[in-house]
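Colleague: sequence first, then the predicted structure, then my questions.
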Amino acid sequence: MIIDVHAHIWDSNIESDKYREMIAGCRRYHIDRLLVSGLIGGYGPDHEDIIASNEGVLGLCRLYPDLVRGMVYVNPNHPDSVEIIRKYLSYPEFVGIKLWVAALCDDPCVNPIVEEAIRQDVPILLHTWFKKVGQLDHESTAVHAANIAKRYPEAKFLMAHLGGNYYHGIKAIRDCPNVWVDNSGTPIECDAMDYTLKNVGSERILYGTDLPGGMLNCLAQVDECSASQEEKENIYYKNALRLFRRLK
Amino acid sequence: MKKIDINTFTGHWPFRKVYHQSPDSIRAYMERDEVEQSLISSFDSIFYNDAFEGDEDLHAAIAGDRRFRMVMTVNPKVPGWQKDLEYECEHYNICAVKVYPTYHNYLLKDPDFLELVSVLEKKKLPLMIALRLEDPRFVYLWSVGTIDLNTIRVLVGETTIPIIMLHGLTAEVQALAPILDGKHNFYVDTCGLRYGVFPVETLRKTVSADSILYGSSYPLLCAKAASYVIERADIPEEEKEKMLYQNAERVFNL
């Protein structure tokens, strides 16, 4: 079994070739569940963008009910973020919350979102990247992820992209047992997974891709790393089933 | 299916611990992934002031192992490479030369680089041009530049030797599709084809199967990422064979 915990739609045209190809890739490479968030509206989405993102994901879940599950996307700067989370988590298709780059993930405006996630027992997928070039103003790094994880030890966070640069990311969250990581969208260095395994163990690593951005490179990273078969099963699906309680 | 990897390394990478950088690790990868032959160059030769000293060590490390063919590293901005090239042709049986313009800080219109191209034409040796070695967001300590793809287009039009662009991303390869038609002497490897669900199938709409070579950049990058895009593509088996080894045999006279 394989669960891909990190995929996106970037527009509302969910029946376009781009998303048909994404689904076709899942079928060909035997992906059993695909967790999708909508990122419509760029770096600072307005209310309509947020609604369009979540409605698009809901539509995709209903087009492919055997495969797709949703992550509720919110802009923490909006006063109705918690209301939006409650609305979409009332649908059984949604299994978690997604934050991107509208605010740093340890900004106080994120607190109510985390508190709602705790109440609903769902994880929050945090975009993180530490970049030598091109860092965005409100783009979180693993240090921000560690801050919010320590502030709310009862919350569960999934830190995307191994923190972007895994040398900056993994040790920052190593001592935060409520932070898991995914390998989506990372540079395809073959040592990234082994370094992460060495530092946090296989029970905190989840398989992800950043679809429709890439796919085979992420599968290859897991297949090639030194993890045992049992550890690879943790990465490919067992950890996801443990972390996403609503996921069936 | 038989494979020839045209882009592997050994030696010491200076910016992080590369877990599988020894010749024995490369041999283990070749056994595991059924790679029959590797065209190998040295990390040390990129970073030493005298690239030849890195190549001497590489030659000693792989001597006698017929699964390897050595690729010479040249920095044309450092004097004396001409005699080193003669030596490596005679004693190391090199099958190509590899250059790193963004690390050695020159343009593809630089007279010293063009002199190298001219010498390679006389020797009928292919030239590999590394666009990058790492994701630029990821680089530690210092930033490397980029290569203007148009200068590659111009170079391909002006020379008769095979030019192999290494670590081009999917979009960069697509941008050069008009000269990746199987008629020009221009080729790309697969280690940068990380974007898209079916990258090789998408490229095949505009790029000839004769122009794509399996090259992994192992052990810096994940080898299976470079092979999966071919092996798992929904394309005819004959095209996979071209990309995985037949094109390499032809281009490098293996």
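Modeller: Great, that's in hand.

Colleague: hey, where'd the helices end up in chain A?
Modeller: A:17-28, A:47-63, A:81-89, A:111-120, A:142-151, A:166-173, A:191-200, A:216-224, A:229-233, A:239-243 (DSSP state H).

Colleague: ok, now chain B?
Modeller: B:23-32, B:43-47, B:51-62, B:81-91, B:101-104, B:111-123, B:149-158, B:170-175, B:199-203, B:223-231, B:237-241, B:247-251.

Colleague: pull the last one out as PDB, backbone CA atoms only.
Modeller: Extracted as PDB, the C-alpha positions of helix B:247-251 are listed here (Å, rounded to 0.1, in the frame of the first residue of the first chain):
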ATOM      1  CA  ASN B 247      22.600   5.900 -27.500                       C
ATOM      2  CA  ALA B 248      25.600   5.800 -25.000                       C
ATOM      3  CA  GLU B 249      27.300   3.100 -27.000                       C
ATOM      4  CA  ARG B 250      27.000   5.200 -30.200                       C
ATOM      5  CA  VAL B 251      27.900   8.600 -28.800                       C
END
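
Colleague: for it, which helices and strands make contact with it?
Modeller: For helix B:247-251, the packing partners by 3 or more CB pairs under 8 Å, 6 or more residues apart in numbering or on different chains; DSSP states H and E come out as strand B:3-10, strand B:212-213. Any C-beta I mention is one placed from the backbone N, CA and C, and that applies to glycine too.

Colleague: and that helix, how far out from the chain's middle?
Modeller: A distance of 13 Å separates the centroid of the chain from that of helix B:247-251, by CA atoms, centre = their mean, to the nearest Å.

Colleague: list the buried residues in it.
Modeller: B:247, B:248, B:251 (16 or more other CB atoms under 10 Å in any protein chain shown).

Colleague: how far away is the last one from residue B:216?
Modeller: Distance of residue B:251 to residue B:216, computed by CB to CB, to the nearest Å: 16 Å.

Colleague: who touches residue A:148 in this structure?
Modeller: Applying CB atoms under 8 Å, 6 or more residues apart in numbering or on different chains, we find residue A:148 in contact with A:105, A:106, A:110, A:114, A:126, A:155, A:157.

Colleague: tabulate the residues you listed (TSV), appending neighbour count and distance to residue B:6.
Modeller: Shown next, in TSV, are the contacts of residue A:148 (neighbours: other CB atoms under 10 Å in any protein chain shown; distance: CB to CB, whole Å):
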residue	neighbour count	distance to residue B:6
A:105	27	42
A:106	20	46
A:110	25	48
A:114	23	49
A:126	27	39
A:155	20	48
A:157	27	42
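
Colleague: could the residues you listed go into TSV alongside pLDDT?
Modeller: Shown next, in TSV, are the contacts of residue A:148 (pLDDT from 0 to 100):
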residue	pLDDT
A:105	98
A:106	98
A:110	98
A:114	98
A:126	98
A:155	98
A:157	98
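
Colleague: among those residues, which pair sits farthest apart?
Modeller: A:106 and A:155 (12.1 Å; CB to CB).

Colleague: how about the helices and strands packed on helix B:247-251, which one is nearest chain A?
Modeller: strand B:3-10 (11.9 Å; CB to the nearest CB).

Colleague: what's the closest one packed up against?
Modeller: Counting by 3+ CB pairs under 8 Å, 6+ apart, strand B:3-10 packs on helix B:23-32, strand B:35-42, helix B:51-62, helix B:223-231, helix B:247-251.

Colleague: quick one on the thing from earlier: tell me which of the helices of chain A is the most buried.
Modeller: Of all the helices of chain A, helix A:216-224 has the most neighbours on average by mean count of other CB atoms under 10 Å in any protein chain shown, namely a mean of 24.

Colleague: now that helix: average pLDDT?
Modeller: Averaged across helix A:216-224, the pLDDT comes to 96.

Colleague: next: stretch A:195-202.
Modeller: 98.

Colleague: out of the helices of chain A, nearest to residue B:169?
Modeller: Distance to residue B:169, taken as CB to CB, is lowest for helix A:216-224 among the helices of chain A, at 11.5 Å.

Colleague: report all helices and strands that the closest one contacts.
Modeller: Helix A:216-224 packs on helix A:191-200, helix B:223-231, going by 3+ CB pairs under 8 Å, 6+ apart.

Colleague: how about those helices in a markdown table, adding distance to residue B:240?
Modeller: A markdown table is the format used below for those (distance: least, CB to CB, whole Å):
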| stretch | distance to residue B:240 |
| --- | --- |
| helix A:191-200 | 26 |
| helix B:223-231 | 6 |
